[in-house]
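Asks: Show me how the following folds:
(one chain, ligands or ions: 2)
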Amino acid sequence: MLKLPTKQNPTSLKSSTAQTSDENTTKGQKSVIVKLENVRKTYANGSVGLRDVNIEIYKGDFKFITGHSGSGKSTLLKLLYGAEQATDGDVIVNGSNLNGLKGNNLAMLRRKIGIVFQDYKLVPRRTVSENIAFVLMAQGYTYKEIQRRVQPALKMVGLMHKADCFPEELSGGEQQRTSIARAIVNTPPLVLADEPTGNLDPDNAWQVIKILKKLNSFGVTVLLTTHDEQLVRAANHPVLHLQNGYIV
Ligand SMILES: Nc1ncnc2c1ncn2[C@@H]1O[C@H](COP(=O)(O)OP(=O)(O)OP(=O)(O)O)[C@@H](O)[C@H]1O
Ligand SMILES: [Mg+2]
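Replies: Numbers count the residues shown, from 1 in each chain. Ligands and ions are numbered 1, 2, ... in the order given. Predicted coordinates:
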């Protein structure tokens, strides 16, 4: 079992993500990181997830995706990380068209996307550090590089003191912060969060938003679905609103 030291590493996540921020401008103009063109998603049973969606998201944006249950929020994120394929239209993420992207090519693209779910999806028999390190191990990072990256990620989410705890020893808020650390440990330029605050009380929800805001201030693009209108108002970022599969 992997054991990672809890001593703080001088490498800061900020310095490693700042590079992303510098890449945000092309000749002074923001570049597009996510583009959907005439996208329609119809599931096998005939349910429609998205209808004729056209969106451009720029590097460094922080956007909320809102809408009633069933309006297509999760469908939109699933298309972006390749868990579902569009029925029609083009989905372009970080320069790659996801149409027909499979196997290794899809895996390579996913390395550039951090994903956060409502239900955390932590591995129960792994410590916080190990849950975070696991992503890097799967991608073939060296032990040294893993050590170099895990500590700043833990620090970013304020969980240095919980590094050796198991998920069941954590509060919901701490579990969600662990899952955020896991999502950002390989410093992806894009973070997709599907109802990340859905199981949290207002204080913990706001902590999650603050962490994502901080990441965004380093240049990371954040797309976050939520039902929480109060949170959207407080966070003060632009909103994409979905209704019955349409952006409205
Ligand atoms: N795997 C699936 N198979 C069939 N239909 C699906 C599937 N996933 C979603 N849908 C349908 O697609 C539509 C959009 O669902 P989606 O999960 O994107 O909504 P949502 O906005 O995320 O809702 P919620 O707020 O409840 O999470 C719904 O009508 C839903 O029933
Ligand atoms: Mg959903």
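
Asks: Now do the contacts for Ile33.
Replies: For Ile33, the contacting residues are Ile57, Tyr58, Lys59, Asp61, Val93, Asn94, Pro189, Leu190, Thr221, by Cβ atoms under 8 Å, 6 or more residues apart in numbering. Any C-beta I mention is one placed from the backbone N, CA and C, and that applies to glycine too.

Asks: show me the contacts for the last one.
Replies: Taking Cβ under 8 Å, 6+ apart as the definition of contact, the neighbours of Thr221 are Ile33, Val34, Ile57, Tyr58, Lys59, Gly60, Asp61, Phe62, Pro189, Leu190, Val191.

Asks: Bridged to it, which residues?
Replies: According to DSSP bridges, the partner residues bridging Thr221 are Leu190.

Asks: Please report how far Ile113 lies from ligand 2.
Replies: 17 Å (Cβ to the ion, to the nearest Å).

Asks: so that residue makes contact with Ile184?
Replies: No: judged on Cβ atoms under 8 Å, Ile113 makes no contact with Ile184 at a distance of 10.7 Å.

Asks: So these two - more neighbours on which side?
Replies: Ile184 (27 against 22; other Cβ atoms under 10 Å).

Asks: Without its sequence neighbours, what residue ends up closest to the more buried one?
Replies: Nearest non-adjacent residue to Ile184, counting by Cβ to Cβ, 6 or more residues apart in numbering: Gly114, 5.1 Å away.

Asks: next one: Ile57
Replies: Per Cβ to Cβ, 6+ apart, closest to Ile57 is Val34, 3.9 Å.

Asks: pLDDT value on that neighbour, please?
Replies: Val34 is assigned 98 on the pLDDT scale.

Asks: who's it bridged to?
Replies: Ile57, Val93.
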